[in-house]
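**Student:** any chance you can model this:
(chains A and B)
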Amino acid sequence: SAVISQKPSRDICQRGTSLTIQCQVDSQVTMMFWYRQQPGQSLTLIATANQGSEATYESGFVIDKFPISRPNLTFSTLTVSNMSPEDSSIYLCSVHGAPSYNEQFFGPGTRLTVL
Amino acid sequence: AQSVTQLDSHVSVSEGTPVLLRCNYSSSYSPSLFWYVQHPNKGLQLLLKYTSAATLVKGINGFEAEFKKSETSFHLTKPSAHMSDAAEYFCVVSVDSGTYKYIFGTGTRLKVLA
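**Tutor:** Numbering: from 1, shown residues only, chains lettered A, B, ... in the order given. Down below sits the predicted model:
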């Protein structure tokens, strides 16, 4: 299994500002994923981030709003840009587990509140 | 396209009674299926997974699930509920190989009554 940490664990931000969330893994992984969990809702995949290439975004999510970096095999960041109250959610990163690449391990999440 | 449907948004059981959380899937190929649990203010934890081996899958904390292709179901069960089982449970299907993306069900909130 992989151990994943996220920073910050929570934050309260003003509308119009941006927040960068960090995801650190204790081992090298090929694929990392970013999810959003709106209040009382299930998880929705934002994008898939592979090291050395542009992130692949799901329908409804765009790079200008959620830019992602993946500088190496153990780290990724997700930025929530020009925030509005509708961006208030828990943001989670996950990674594939080797050797069972079908299984994902999740970070603890970042709880974001936008005022 | 793959999808999962969790048939109950809320389930309440008494402590010591059986738990049944229902999940139906849709997939054009043999899927990989998972159940995750999310306790309040905690991260997601994998309970169990089905990846085309045995159809009856045993997981942690006494949970198990049976893959039934004819019924396209993957229901989660536990013989005896414990107070600590109160949480949100998600049924998940893995999208086709190569991308390894997950599709989450809408979740079932399990309440355990004393």
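**Student:** show the subsequent helix or strand relative to the lowest-mean-pLDDT helix or strand in chain A.
**Tutor:** The weakest-scoring helix or strand in chain A, judged by mean pLDDT, DSSP states H and E, is strand A:104-106 (a mean of 91). For strand A:104-106, the succeeding helix or strand toward the C-terminus, using DSSP states H and E, is strand A:110-114.
**Student:** work out the sheet partners of that following strand and label each with its direction, please.
**Tutor:** Paired neighbours of strand A:110-114 in the sheet (DSSP bridges): strand A:10-13 (parallel), strand A:89-96 (antiparallel).
**Student:** need the winner for burial among those.
**Tutor:** With neighbours taken as mean count of other Cβ atoms under 10 Å in any protein chain shown, the strands paired with strand A:110-114 reach their highest mean count in strand A:89-96, at a mean of 24. Just so you know, the C-beta spots here come from the backbone N, C-alpha and C atoms, and that holds for glycine as well.
**Student:** can you list contacts of it?
**Tutor:** With contacts defined as Cβ atoms under 8 Å, 6 or more residues apart in numbering or on different chains, strand A:89-96 is touched by A:2, A:4, A:6, A:21, A:23, A:25, A:29-39, A:43, A:46, A:76, A:78, A:80, A:102-112, B:43-44, B:100, B:102.
**Student:** ok now it, how far from the chain's centre?
**Tutor:** Strand A:89-96 has its C-alpha centroid displaced from the chain centroid by 5 Å (Cα atoms, centre = their mean, to the nearest Å).
**Student:** and B:Thr55, how many neighbours?
**Tutor:** 12 (other Cβ atoms under 10 Å in any protein chain shown).
**Student:** correct me if wrong: it contacts B:Ser70.
**Tutor:** No: look at B:Thr55 against B:Ser70 with Cβ atoms under 8 Å: they stay out of range, at 10.8 Å.
**Student:** grab the nearest non-local neighbour of B:Val19.
**Tutor:** Using Cβ to Cβ, 6 or more residues apart in numbering or on different chains and skipping residues adjacent in sequence, the residue nearest B:Val19 is B:Lys78, 4.2 Å away.
**Student:** any idea how far chain A is from that neighbour?
**Tutor:** In this view, B:Lys78 and chain A are 21 Å apart by Cβ to the nearest Cβ, to the nearest Å.
**Student:** can you pull the contacts of that residue?
**Tutor:** B:Pro18, B:Val19, B:Asn61, B:Gly62, B:Phe63, B:Glu64, B:Asp85.
**Student:** can you pull the pLDDT of it?
**Tutor:** Per-residue pLDDT puts B:Lys78 at 98.
**Student:** is A:Ser5 in a bridge, and if so with what?
**Tutor:** Residues in a beta bridge with A:Ser5, per DSSP bridges, are A:Gln24.
**Student:** so the residue nearest the centre of chain B: helix, strand or coil?
**Tutor:** Against the mean C-alpha coordinate of chain B, by Cα atoms, centre = their mean, the closest residue is B:Trp35 at 3.4 Å. What DSSP: H, G, I helix; E, B strand; the rest coil gives for B:Trp35 is strand.
**Student:** residues touching the nearest residue to it once chain neighbours are set aside, list them.
**Tutor:** Taking Cβ to Cβ, 6+ apart, and ignoring the residues beside it in sequence, B:Trp35 has B:Leu47 as its nearest neighbour in space, at 4.3 Å. Shown in contact with B:Leu47 (Cβ under 8 Å, 6+ apart): B:Phe34, B:Trp35, B:Tyr36, B:Val37, B:Gly59, B:Ile60, B:Asn61, B:Phe63, B:Leu76, B:Tyr89.
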